[in-house]
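In: A predicted structure for the sequence below; I have some questions about it.
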Amino acid sequence: MLDVIVVGAGPAGLSAALTLGRQRRNVLVLDSGEPRNAPADGVHMLLSRDGVPPAELRRLGREDLAAYETVEYREAVAVSAARTGEGFDVTLSGGGAVEHARSLILATGIADEMPAIAGVAERFGKSVFHCPFCHGFEARDQPLAVLGNDFVHAVLALYLADRLTSDVILCTGGPERLGAELMAKLAERGVGVREGELAAIEGDFGRLKVVFTGGEILERGAVFLHPATRQKSPLAAQLGCETLQDGTVRVDERQLTTVPGVFAAGDMARLATAPGPMPFAVTGAADGVRAAIWADQALLVSDLGLTLPGRG
């Protein structure tokens with residue numbers, strides 16, 4: 001029986017495992033090998049590692065774990081999880097091996113659902129971006145496009161025009177549905193609006209082409225959008241963890257879900273009082289540390305026959 005199984009090996013999962021390893025907890029880390037940020041050229045806003053390629057950051061994290069003999073790293077997908085009398089059973093892909101742990105930390109992340117526009121998915125993280133904090137600096141002073149037809153995308157276009165470039169065009173993909181106030185604000189800040197239906201994104205970073213169904217072409221340096229997201233793994237749902245309206249798993253200040261013994265960290269989870277998920281490597285790592293500390297403490301007070309104050 002392991003102390004903790006950490007499902008996911010991004011910044012949240014690796015940080016959780018590192019923290020638990022330092023407390024000599026017996027830990028298994030499961031890595032599906034499909035990180036959300038894999039297409040990106042670099043991870044940003046991570047002190048001392050700004051711009052490090054995502055694969056290199058993960059390699060360095062695994063290298064750190066090697067110093068702790070109670071931590072096992074394994075490339076495997078957790079396909080299901082269930083509570084047992086003693087803790088949790090996690091079934092793995094590739095033969096159906098079952099691992100047992102007293103506690104779980106889910107760091108399985110979210111998946112982006114790209115709009116049905118040819119070329120968007122292939123360029124996501126390279127020249128089609130979702131976050132101006134993560135990728136905006138690299139796109140500075142270039143002509144930019146934002147793809148979307150709602151308040152969020154209008155504000156994104158205004159933000160880019162305020163901070164990064166004087167040339168931003170909002171492509172609504174059809175008749176705009178923004179309303180007079182937003183349209184006036186876009187005009188005031190010099191943000192153009194194109195209402196044509198979108199057909200494709202072509203070209204490379206710095207030389208992109210936004211192609212409309214009518215044949216028109218808008219030349220841009222990069223494109224921004226906020227894609228819809230979903231939970232990448234079914235484990236939280238299988239375990240009965242409560243989710244919020246945006247699909248993220250509800251956690252408290254300890255990263256504890258609504259299921260005792262199950263913690264969640266990274267962009268897959270958030271406080272109900274938070275305005276939204278924080279999809280950054282640095283915040284994911286902080287969540288992982290916090291989840292590990294409280295998972296460790298919960299195991300300790302259980303062994304001592306005590307009750308941890310608050311939920312769980």
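Out: Right, received. Where do you want to start?

In: When you work out contacts or count neighbours from here on, use the C-alpha atoms and nothing else.
Out: Fine.

In: Give me the residues contacting the longest helix belonging to the chain.
Out: Assignment by DSSP state H gives helix 281-303 as the longest helix of the chain. With CA atoms under 8 Å, 6 or more residues apart in numbering as the test, helix 281-303 has contacts from 3, 11-17, 19-20, 23, 25, 43-46, 102-103, 105, 107, 254-256, 261, 263-267, 278, 307-308, 312.

In: Could you pick out the buried ones from those residues?
Out: Buried by 16 or more other CA atoms under 10 Å: 3, 11-17, 19-20, 25, 43-44, 102-103, 105, 107, 254-256, 261, 263-267, out of the contacts of helix 281-303.

In: Narrow those residues to those in helices?
Out: Per DSSP H, the buried ones among the contacts of helix 281-303 map to helices at Pro11, Ala12, Gly13, Leu14, Ser15, Ala16, Ala17, Thr19, Leu20.

In: Where do the helices of the chain begin and end?
Out: 11-22, 54-65, 120-123, 132-135, 151-163, 180-188, 235-239, 281-303.

In: Need the winner for burial among those.
Out: The highest mean neighbour count among these, using mean count of other CA atoms under 10 Å, belongs to helix 11-22: a mean of 26.

In: Okay, angle between that one and helix 54-65 too, please.
Out: In terms of direction (axes from the mean of the first three to the mean of the last three CA atoms, to 10 degrees), helix 11-22 departs from helix 54-65 by 10 degrees.

In: Report all helices and strands that helix 11-22 contacts.
Out: strand 2-7, strand 27-31, helix 54-65, strand 98-106, helix 281-303 (3 or more CA pairs under 8 Å, 6 or more residues apart in numbering; DSSP states H and E).

In: hmm, try it at 7 Å
Out: Judged by 3 or more CA pairs under 7 Å, 6 or more residues apart in numbering; DSSP states H and E, the packing partners of helix 11-22 are strand 2-7, helix 281-303.

In: Indicate which one of the ones you listed is closest to Ser127.
Out: Judged by CA to CA, the one of the helices and strands packed on helix 11-22 that comes nearest to Ser127 is helix 281-303, at 19.5 Å.

In: from the middle of its chain, how far away would the closest one be?
Out: Once both centres are worked out by CA atoms, centre = their mean, to the nearest Å, helix 281-303 turns out to sit 19 Å from its chain's centre.
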